[in-house]
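**Student:** need a 3D model of the following:
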Amino acid sequence: TTGGTDPAAALGVLALYDRLGADEFDDDDLVTLRTFASHAAVAVENVRGHEEAQRLSLTDPLTGLWNYRYLRESIRREVERASRFGRMLSVLALDLDRFKDVNDTYGHAAGDTVLAEFARRLRGEIREVDLAFRQGGEEFVLLLPETDARGAAIVAERLGAAIRDTSMPVEPHAGTPVPVRVTVSIGIAVYPDHANTGQQVLEAADDALYAAKAAGRDTYRVSERRETAARELP
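**Tutor:** Residues are numbered from 1 along each chain as shown. Purely as a prediction, here's the structure:
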């Protein structure tokens, strides 16, 4: 079956076999089947178009990461799942250090290049089950299901090194590309050790992020919202 803007693009295959106890397919059957295939192709394309529109409404166009709208839905769902099965959920709040300097020095196009490259490296350091979001500007969030504070710290260290150790080539207002070194500060909070709800664990991660900034940037901090010792997964 074909359809859409490219009539040669295959959407699927319709396979038929001889009818038992009946005549072979004839030209009339072919006309009927072509009509059916055409209607099926329209239905498939409509579903695909709806799914693509929904995906675009939930993703950030610059980085390809999930957006803040989907973050609110996902944190609620992941907290509910962790609560139901007695699991842990780590939340990482990330912020590129002194990102305004990149925009002011090299221009906003260069800043967009840095954000897109940061997102690419971010995806390279997480598992398929983890979720990465652009919360806004240079602020990002990671959700790590079934991960305790120790595991989240390992991810934070690895991500910090991936950003810090390799400069990002950007094109300034005019001229040849120049290498720009970028660092990231990270705050970590864990459900249920540091908070009881999705919103609270996000806020706890933000508080830890501010602590990382206050400590000199290019580092991570774990939330101290509760004095009880954090549990670790076996």
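**Student:** please count neighbours and contacts with C-alpha atoms only from this point.
**Tutor:** Fine.
**Student:** low-confidence regions, this protein specifically.
**Tutor:** By pLDDT under 70, the low-scoring segments of the chain are 1-9, 19, 39, 42, 45-56, 173-175, 226-234.
**Student:** what are the ranges of the helices in this protein?
**Tutor:** 27-58, 68-85, 99-106, 108-124, 149-164, 198-214 (DSSP state H).
**Student:** just those helices: most buried one?
**Tutor:** Looking across the helices of the chain with neighbours counted as mean count of other CA atoms under 10 Å, the highest average goes to helix 198-214: a mean of 22.
**Student:** how far does that one sit from the chain's center?
**Tutor:** Remark: helix 198-214 is offset 19 Å from the chain centroid, using CA atoms, centre = their mean, to the nearest Å.
**Student:** and what of stretch 105-120?
**Tutor:** Taking CA atoms, centre = their mean, one finds the center of stretch 105-120 at 17 Å from the center of the full chain.
**Student:** so what touches that stretch?
**Tutor:** 62-65, 99, 102-103, 138, 163, 168, 170-173 (CA atoms under 8 Å, 6 or more residues apart in numbering).
**Student:** was I right about Asp95 contacting Glu138?
**Tutor:** Yes. The criterion here is CA atoms under 8 Å, and Asp95 meets it with Glu138 at 5.8 Å.
**Student:** these two: which is more packed in?
**Tutor:** Asp95 (26 against 19; other CA atoms under 10 Å).
**Student:** how close does the more buried one sit to Thr105?
**Tutor:** Distance, Asp95 to Thr105, using CA to CA, to the nearest Å: 19 Å.
**Student:** same thing with Ala156?
**Tutor:** Counting by CA to CA, the gap between Ala156 and Thr105 amounts to 28 Å.
**Student:** next one: Pro145
**Tutor:** Taking CA to CA, one finds Pro145 at 38 Å from Thr105.
**Student:** likewise for Ala208?
**Tutor:** Note on Ala208: its distance to Thr105, by CA to CA, is 29 Å.
**Student:** what's the answer for Ala214, then?
**Tutor:** 24 Å.
**Student:** same check on Asp207?
**Tutor:** Using CA to CA, Asp207 is found at 29 Å from Thr105.
**Student:** need the contact list for Leu62.
**Tutor:** Leu62 touches Asp112, Leu115, Ala116, counting by CA under 8 Å, 6+ apart.
**Student:** my guess is Ala162 meets Arg121, correct?
**Tutor:** Yes. With contact defined as CA under 8 Å, Ala162 counts as touching Arg121 (6.9 Å).
**Student:** for the closest residue in space to Thr219 that isn't next to it in sequence, give me its contacts.
**Tutor:** Once flanking residues are discounted, Thr219 sits nearest to Ser185: 5.2 Å by CA to CA, 6 or more residues apart in numbering. Residues near Ser185 by CA under 8 Å, 6+ apart: Leu94, Asp95, Leu96, Asp97, Gly160, Leu209, Ala212, Lys213, Arg217, Asp218, Thr219, Tyr220.
**Student:** could these be laid out in TSV, adding distance to Asp18?
**Tutor:** As requested, the contacts of Ser185 are arranged in TSV below (distance: CA to CA, whole Å):
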residue	distance to Asp18
Leu94	61
Asp95	63
Leu96	64
Asp97	68
Gly160	62
Leu209	67
Ala212	70
Lys213	71
Arg217	71
Asp218	68
Thr219	68
Tyr220	67
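**Student:** and which of those is nearest Ala22?
**Tutor:** Of all those, Ala22 sits closest to Leu94, with 67.3 Å by CA to CA.
**Student:** quick one, what contacts the closest one?
**Tutor:** Taking CA under 8 Å, 6+ apart, one finds Glu139, Phe140, Val141, Leu142, Val184, Ser185, Ile186, Gly187, Leu209 in contact with Leu94.
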